[in-house]
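J.: Quick one, what's the 3D model for this:
(one chain, ligands or ions: 1)
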Amino acid sequence: MVKYIYKLNFPDIKEMLLPHKYEEIFEAITENSKFLYYNPNSYLKKEYLTFKHYQWNSSFLFYKSKGATGDLHSDLPKAAWAINYINLGHGVVKYYDTNVIGPGSMIPDKLGNYRLAWPTPTAAPMEIYTMTSGMHLMRVDVPHIVTGYDSRYALSIRSLDHQQESWDTVVSNFREYFI
Ligand SMILES: [Fe+2]
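T.: The predicted model follows:
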């Protein structure tokens, strides 16, 4: 069965970042839950900006700790998948079936970008994943809710021109890196 999250065998993040960027990105924020935008141009080494022939030209940093939980959402209509680097803590991702939770409604996130969201579910999730430190390929079009533990950072790196590619396509593109 095709999974919704795959851990990837990627170089250590410190290998991929420009000098001093690790400290800037991962030691910059400490509050309970935060959301920042970064252009990968500003922190990724040049050879990684076109990794796997994608243009990596957008990214978000999410910080969640102490069991902080986000809302139930899909990243549609913008994005169907992302590469997420998890660091310093871990996260739990629960996926829900739209046949159970309904179609959702368009609600802005903290940066004002509209995406599909739902009220906190009472139904059981259809899939649950634990994301530990490291790089992951993650499906984000299926409704999901994320909880962070310890001091979990998620650096979500995206390719704006390709972020609506089908999950089957992306899974086959990255399969060689699956652990
Ligand atoms: Fe998401």
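
J.: quick one: buried residues of the longest helix seen in the chain?
T.: Among the segments of the chain that qualify as a helix by DSSP state H, the longest is helix 167-174. By neighbour count, with 16 or more other C-beta atoms under 10 Å as the criterion, the buried positions of helix 167-174 are 167, 170-171, 174. Every C-beta, even on glycine, is put in place using the N, C-alpha and C of the backbone.

J.: what do you get for stretch 138-145?
T.: For stretch 138-145, the neighbour count (16+ other C-beta under 10 Å) marks 138-145 as buried.

J.: Tell me who's in contact with Ile157.
T.: Remark: with contacts taken as C-beta atoms under 8 Å, 6 or more residues apart in numbering, Ile157 is in contact with 40, 44, 56, 58-59, 82-85.

J.: okay if I get these as CSV plus distance to the ion, pLDDT and secondary structure?
T.: Below are these laid out as CSV (distance: C-beta to the ion, whole Å; pLDDT from 0 to 100; DSSP: H, G, I helix; E, B strand; the rest coil):
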residue, distance to the ion, pLDDT, secondary structure
Pro40, 18, 97, helix
Leu44, 21, 96, strand
Trp56, 18, 97, coil
Ser58, 14, 95, strand
Ser59, 13, 94, strand
Ala82, 8, 97, strand
Ile83, 13, 97, strand
Asn84, 9, 97, strand
Tyr85, 15, 97, strand
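
J.: Can you show me the strands along the protein?
T.: If you assign secondary structure with DSSP state E, the strands in the chain sit at 5-8, 33-38, 58-65, 68-69, 72-73, 81-95, 105-108, 114-118, 127-131, 134-139, 144-158.

J.: By mean pLDDT, show me the worst of those strands.
T.: For these, the weakest mean pLDDT is recorded on strand 33-38, namely a mean of 75.

J.: quick one: the longest helix of the chain to strand 134-139, angle?
T.: Angle, helix 167-174 to strand 134-139, by axes from the mean of the first three to the mean of the last three C-alpha atoms, to 10 degrees: 150 degrees.

J.: Helix 167-174 packs against which elements?
T.: Helices and strands in packing contact with helix 167-174 are listed as strand 5-8, strand 134-139; criterion 3 or more C-beta pairs under 8 Å, 6 or more residues apart in numbering; DSSP states H and E.

J.: Out of the ones you listed, indicate the one that is most buried.
T.: Of all the helices and strands packed on helix 167-174, strand 134-139 has the most neighbours on average by mean count of other C-beta atoms under 10 Å, namely a mean of 22.

J.: so that one versus strand 81-95, what angle?
T.: Angle of strand 134-139 versus strand 81-95, following the same axes, to 10 degrees, is 80 degrees.

J.: Sheet-wise, list the partners of strand 134-139 with their directions.
T.: Paired strands of strand 134-139, with direction, are strand 5-8 (antiparallel), strand 81-95 (antiparallel) (DSSP bridges).
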